[in-house]
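[1] Using only what follows, build the 3D model:
(one chain, ligands or ions: 1)
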Amino acid sequence: MQPITEHRMGICFLLLIVGFCWAQYNPNALSGRTSIVHLFEWRWADIALECERYLAPNGFGGVQISPPNENVIITDPWQPWWERYQPVSYKLCTRSGNETEFRDMVTRCNDVGVHVYVDAVINHMCGANAGAGNHATCRSYFNAKTEDFPAVPYSALDFNDAKCKSRSGNIENYQDVSQVRNCRLVSLLDLALEKDYVRSKVAEYLNYLIDIGVAGFRIDAAKHMWPEDVKAILEKLKDLNTKWFSAGTKPVIYQEVIDLGGEPITGSEYFGNGRVTEFKYGAKLGTVIRKWNGEKLSYLKNWGEGWGFVPSDRALVFVDNHDNQRGHGAGGASILTFWDARLYKMAVGFMLAHPYGFTRVMSSYRWPRSFVNGQDVNDWIGPPSYSDGTTKPVTINADTTCGNDWVCEHRWHEIRNMVVFRNVVDGQPFSNWWDNGSNQVAFGRGSKGFIVFNNDDW
Ligand code: AAO
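    Next up is the predicted model:
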């Protein structure tokens with residue numbers, strides 16, 4: 001143990017000298033709170049209530065929220081969840097609520113010690129085919145064709161068109177690094193983040209959120225930005241609001257970099273900026289728990305770096321996310337979700353019991369799945385909503401589960417209890433592994449916890 005600790009301290013000291021130490025990796029949760037939950041598509045008003053009535057009393061460290069900035073309103077298909085990944089400006093009004101409601105949520109969550117992590121969509125603006133007008137969530141005018149976003153303002157000069165060398169202007173080949181970073185991801189207008197003006201506009205948006213009191217950011221589509229451009233933006237960021245965080249605290253950064261191997265861009269290129277999403281985690285755990293390819297729980301003995309994952313203190317981990325629970329993004333068919341409730345609970349339980357990574361629990365809504373040739377043709381459907389498009393509130397049933405088609409996996413008692421378990425065993429070593437050579441395993445966390453999993457059929 002000793003040499004490793006000294007080595008780490010040495011690195012930290014070195015990084016301190018160059019002014020770039022742990023803060024970006026530290027989740028900024030209260031001590032003893034070790035997980036966050038993604039309340040996908042929830043309204044700010046419901047999140048505020050959930051922080052007070054459920055997340056704080058049950059030891060959740062924070063919540064990842066859906067993008068809070070103005071987006072295009074798409075009507076074909078009808079208000080898909082993914083319209084929120086098509087920014088029009090950095091004003092804070094969306095289907096989740098307006099700026100007043102946003103501020104109220106951040107304040108009330110922080111006041112009970114539950115921190116807010118913002119999904120920051122800064123790689124691009126809306127899709128090239130989003131048209132023109134003010135069909136956006138704060139009614140701001142934009143023109144996708146002329147790349148005009150006066151509410152920021154951005155103009156055609158602020159996009160990467162000249163730098164992109166693919167035929168269509170879109171990313172056509174993930175093996176070509178400059179295409180992945182200079183061309184349009186699924187036709188989304190790609191911001192020229194090497195320009196100081198664009199970096200400053202993005203930083204202004206993130207700093208505005210920091211002043212309101214957020215604790216950090218998920219950087220959407222980080223793979224599609226040059227790591228040094230992300231870094232230049234981060235260097236413009238303020239420290240967190242001292243009303244809730246100690247002076248000098250930097251926002252935690254976790255970058256969405258899908259690295260399942262097989263592509264030239266790797267997660268490790270982004271360590272200089274903060275943590276990265278480890279997509280191998282959910283893909284492999286799903287394969288093991290489904291017992292595909294002859295995998296067994298006993299193989300999890302060296303789970304973590306031993307499976308080729310990024311170092312634990314650089315990883316944000318999850319069993320499923322809002323993309324791969326519905327066939328978007330990456331991970332493939334092995335991903336476990338609430339639709340496979342029994343196996344899902346085992347996967348989330350294993351994740352929360354095991355010391356590797358900083359853990360994010362998914363909290364979803366139900367949608368009418370409909371498979372045609374193995375593809376869910378309803379993968380676009382947005383959150384439970386009324387016919388006028390407003391999102392339905394999260395109602396709470398007498399048995400503490402959620403109504404209105406909100407799944408609330410984080411309230412499933414097996415998952416909630418394991419969030420508590422992880423807090424209790426925080427800092428304790430992985431110890432006393434036992435397995436039966438098949439699908440029964442058990443391990444301890446130092447002297448504080450012990451857990452048994454049985455995925456055999458006996
Ligand atoms: C929508 C429409 C599009 C339309 C566009 C513009 O669906 O048809 O062109 O509007 O009008 C979300 C939705 C998109 C939606 C978008 C904008 O998912 O469907 O487009 O909002 O409204 C890549 C990125 C990753 C991204 C992921 C979805 O690298 O950053 O695609 N995730 C984030 C968000 C996501 C959001 C955006 C980004 C955009 O979480 O919600 O999109 O803001 C490979 C690559 C991955 C790549 C995937 C999917 O993965 O490695 O980097 O992810 O392909 O294209 C194996 C491989 C694995 C491979 C995978 C799939 O598993 O091992 O590496 O196969 O081929």
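
[2] tell me the secondary structure for the most centrally placed residue in the chain?
    Closest to where the C-alpha atoms of the chain average out (Cα atoms, centre = their mean) is Arg218, at 5.3 Å. The three-state label given to Arg218 by DSSP: H, G, I helix; E, B strand; the rest coil is strand.

[3] quick one: contacts for the nearest residue to it once chain neighbours are set aside?
    Excluding the flanking residues, the one nearest Arg218 by Cβ to Cβ, 6 or more residues apart in numbering is Asp119, at 4.8 Å. No exception for glycine: its C-beta is placed from N, CA and C like everyone else's. The contact partners of Asp119, by Cβ atoms under 8 Å, 6 or more residues apart in numbering, come to 64-67, 217-218, 220.

[4] sorry, back to before: how near is the residue nearest to the centre of the chain to the ligand?
    9 Å (Cβ to the nearest ligand atom, to the nearest Å).

[5] so what's the nearest residue to Thr400 once chain neighbours are set aside up against?
    Spatial nearest neighbour of Thr400, chain neighbours left out: Arg411 (6.0 Å); criterion: Cβ to Cβ, 6+ apart. Neighbour list for Arg411: 54, 400-402 [criterion: Cβ under 8 Å, 6+ apart].

[6] my guess is Asn173 meets Cys183, correct?
    No: assessed by Cβ atoms under 8 Å, Asn173 is found out of contact with Cys183, at 9.4 Å.

[7] between the two, which one's more packed in?
    For the pair Asn173 and Cys183, the greater number of neighbours falls to Cys183 (24 against 11), based on other Cβ atoms under 10 Å.

[8] Would you mind measuring from the residue lying closest to that one once chain neighbours are set aside to His354?
    Leaving aside its sequence neighbours, Cys183 sits nearest to Cys164 (Cβ to Cβ, 6+ apart; 4.0 Å). As judged by Cβ to Cβ, to the nearest Å, Cys164 and His354 stand 41 Å apart.

[9] Please apply the same query to Ala333.
    Distance of Ala333 to His354, computed by Cβ to Cβ: 23 Å.

[10] Just want to know which of these two has more residues nearby.
    Neighbour count, other Cβ under 10 Å: between Ala333 and His354, His354 has more, with 20 against 12.

[11] In contact with that one, which residues?
    Taking Cβ under 8 Å, 6+ apart as the test, what His354 contacts is 300, 303-304, 430, 443.

[12] again, but for Gly59
    With Cβ under 8 Å, 6+ apart, Gly59 has these contacts: 32-33, 419-420, 423.

[13] Quick check on the residues you listed: which are buried?
    33, 419, 423 (16 or more other Cβ atoms under 10 Å).

[14] Please render those as TSV that adds secondary structure, pLDDT and distance to the ligand to the earlier fields.
    Shown next, in TSV, are the buried ones among the contacts of Gly59 (DSSP: H, G, I helix; E, B strand; the rest coil; pLDDT from 0 to 100; distance: Cβ to the nearest ligand atom, whole Å):
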residue	secondary structure	pLDDT	distance to the ligand
Arg33	coil	98	25
Val419	helix	98	23
Asn423	helix	98	28
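
[15] Low-confidence ranges, this protein, go.
    1-23 (pLDDT under 70).

[16] quick one, helices of the stretch 1-150 of the chain?
    For the stretch 1-150 of the chain, the helices defined by DSSP state H, counting those that start in this stretch cover 2-17, 44-50, 99-111.

[17] Out of the contacts of His354, which is nearest to Pro150?
    Of all the contacts of His354, Gly304 has the smallest distance to Pro150: 48.2 Å, by Cβ to Cβ.

[18] Tell me which residue of the stretch 101-250 of the chain lies closest to the ligand.
    Gly127 (2.5 Å; Cβ to the nearest ligand atom).

[19] Neighbours of the nearest residue to that residue once chain neighbours are set aside, how many?
    Nearest residue to Gly127 in three dimensions, chain neighbours excluded: Ser187, at 4.9 Å (Cβ to Cβ, 6+ apart). If you count neighbours by other Cβ under 10 Å, Ser187 ends up with 19.

[20] mind listing what Tyr299 touches?
    Val288.

[21] if I look at it, how far off is Ile289?
    Where Ile289 is concerned, Tyr299 sits at a distance of 11 Å (Cβ to Cβ).

[22] what's the answer for Asn207, then?
    42 Å.

[23] Please report phi then psi for Phe371.
    In terms of degrees, to the nearest 10, the main-chain angles of Phe371 are phi -90, psi 130.
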